[in-house]
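Chemist: Quick one: sequence and predicted model below, then my questions.
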Amino acid sequence: MAEKENKAVQEKKEKAPKSDKPSLFKRIGTWFKSLRSEAKKVSWANAASVRKNTIVVVVCVLVVAVVLGVLDITLTKAIGGLSDLVKFF
């Protein structure tokens with residue numbers, strides 16, 4: 001069964017003419033042309049919105065860092081207290 005499938009695949013490969021496919025350099029050139037075309041379509045943000053968004057991200061990161069720091073210190077002291085309590089008994 002597998003031999004028949006392999007033969008069918010080989011026949012398809014043999015039937016396909018290789019001249020239909022453009023050369024490697026032509027395909028690379030076409031890819032760069034389409035890349036350039038797509039890059040022209042990109043809508044870039046202006047400096048003011050980038051600055052505003054950067055400030056929002058930095059503030060959010062600082063708030064999360066403070067919350068996690070406080071939580072870490074609180075849980076560390078609580079676990080230390082429980083450990084001291086267990087040692088007491």
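Modeler: That came in fine, so what should we check first? Numbers count the residues shown, from 1 in each chain.

Chemist: Heading C-terminal from the helix or strand of the chain with the lowest mean pLDDT, find the next helix or strand.
Modeler: Ranked by mean pLDDT, DSSP states H and E, the helix or strand of the chain with the weakest confidence is helix 2-15, at a mean of 61. The helix or strand immediately downstream of helix 2-15 is helix 24-41, counting by DSSP states H and E.

Chemist: mind listing what's buried in that next one?
Modeler: Across helix 24-41, burial judged by 16 or more other Cβ atoms under 10 Å covers no residue at all. Where you see a C-beta, it was placed from the backbone N, CA and C, and this is true even at glycine.

Chemist: List of residues touching it?
Modeler: P22 (Cβ atoms under 8 Å, 6 or more residues apart in numbering).

Chemist: how far out from the middle of the chain is it?
Modeler: Here helix 24-41 shows a centroid-to-chain-centroid distance of 23 Å under the convention Cα atoms, centre = their mean, to the nearest Å.

Chemist: now the helix ranked longest in the chain: mean pLDDT?
Modeler: Longest helix in the chain by number of residues (criterion: DSSP state H): helix 47-88. The average pLDDT within helix 47-88 is 93.

Chemist: Also stretch 21-35?
Modeler: If you average the pLDDT over stretch 21-35, you get 93.

Chemist: how far out from the middle of the chain is the longest helix of the chain?
Modeler: Distance of helix 47-88 from its chain centroid, counting by Cα atoms, centre = their mean, is 26 Å.

Chemist: which strands and helices sit next to that helix?
Modeler: Helix 47-88 sits against no helix or strand, with contacts defined as 3 or more Cβ pairs under 8 Å, 6 or more residues apart in numbering; DSSP states H and E.

Chemist: how many other residues sit next to P22?
Modeler: By other Cβ atoms under 10 Å, the residues close to P22 number 11.

Chemist: likewise T54?
Modeler: The local packing of T54 (other Cβ under 10 Å) involves 10 other residues.

Chemist: Could you measure from it over to C60?
Modeler: According to Cβ to Cβ, to the nearest Å, T54 and C60 sit 11 Å apart.

Chemist: for G69, same thing?
Modeler: Here the criterion is Cβ to Cβ. By it, G69 lies 15 Å from C60.

Chemist: Same check on A48?
Modeler: Distance of A48 to C60, computed by Cβ to Cβ: 19 Å.
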